[in-house]
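Peer 1: Got a predicted structure plus its sequence, pasted below:
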Amino acid sequence: MRKRNFASIVEEICERDGRYADEAYYFVREALHSSEKGGKRKGKRRVAVAASGKELLDVLRTHALREFGPMSKLVLSEWGIRSCSDLGDVILSLASYGVLGQTSAGTRKDFKKGFSFTSAFVKPFCPVGTVRSARKRKVAQTEAKAGKPGRAKKKAPAA
């Protein structure tokens, strides 16, 4: 059987499933390859070999921050990757073609338990206390609509 090159495999994946840009597949391969080459180890094994979904996401998060810094979330979003589930889909697509070597890709469920993109890619670059969770924003908006002062300081009574 003739071995196919990575570019033709990515092209075929993108034709079959157009949700993600081809750059997303190259990014995943580069991140996993660099973690193997760098010799980064967890215990007695390399991270990208037989890694869990959580470990793979950690490698991808670290690589994105190293490569793109505060632009990580924007770059990944441009490629169609907006959540850990999306990263998992890219990994599983590559794994289905056997291009990830001995990497155990895990299951879709493993990637749904990942991190928040805002917490991972935005919060590290913001001053402390400026990024609120979606839940806190929603509560603040609801309180504002209801006319409640929320967390604002109450005015002192006039003397």
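Peer 2: Great, that's in hand.

Peer 1: C-alpha only now, for contacts and for neighbours.
Peer 2: Noted.

Peer 1: any weak-confidence spans in this protein?
Peer 2: Along the chain, the model assigns pLDDT under 70 to residues 1-2, 36-50, 101-106, 129-135, 148-159.

Peer 1: In it, mark out all the strands, start to finish.
Peer 2: 41-42, 45-46 (DSSP state E).

Peer 1: So what's the residue count around residue 57?
Peer 2: 22 (other C-alpha atoms under 10 Å).

Peer 1: which residues touch it?
Peer 2: 84, 87, 111, 114 (C-alpha atoms under 8 Å, 6 or more residues apart in numbering).

Peer 1: right, and out of those, which lies closest to residue 63?
Peer 2: residue 87 (12.8 Å; C-alpha to C-alpha).

Peer 1: out of everything not next to it in sequence, what's closest to the closest one?
Peer 2: residue 81 (6.4 Å; C-alpha to C-alpha, 6 or more residues apart in numbering).

Peer 1: same question, residue 118
Peer 2: residue 73 (7.6 Å).

Peer 1: who's in contact with that neighbour?
Peer 2: Taking C-alpha under 8 Å, 6+ apart as the test, what residue 73 contacts is 82, 117, 118, 121, 122.

Peer 1: where does it sit relative to residue 82, distance-wise?
Peer 2: As judged by C-alpha to C-alpha, to the nearest Å, residue 73 and residue 82 stand 8 Å apart.

Peer 1: list the residues that contact both of those two?
Peer 2: Joint contacts of residue 73 and residue 82 (C-alpha under 8 Å, 6+ apart) are residue 117.

Peer 1: Neighbour count and distance to residue 9 added to the contacts of residue 57, as TSV?
Peer 2: Shown next, in TSV, are the contacts of residue 57 (neighbours: other C-alpha atoms under 10 Å; distance: C-alpha to C-alpha, whole Å):
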residue	neighbour count	distance to residue 9
84	23	22
87	27	17
111	23	23
114	18	26
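
Peer 1: Next step: those restricted to helices.
Peer 2: Residues from these lying in helices, with DSSP state H as the criterion: 84, 87, 111.

Peer 1: so which of these would you say is closest to residue 10?
Peer 2: Closest to residue 10, out of all of the ones in helices among the contacts of residue 57 and judged by C-alpha to C-alpha, is residue 87, at 14.8 Å.
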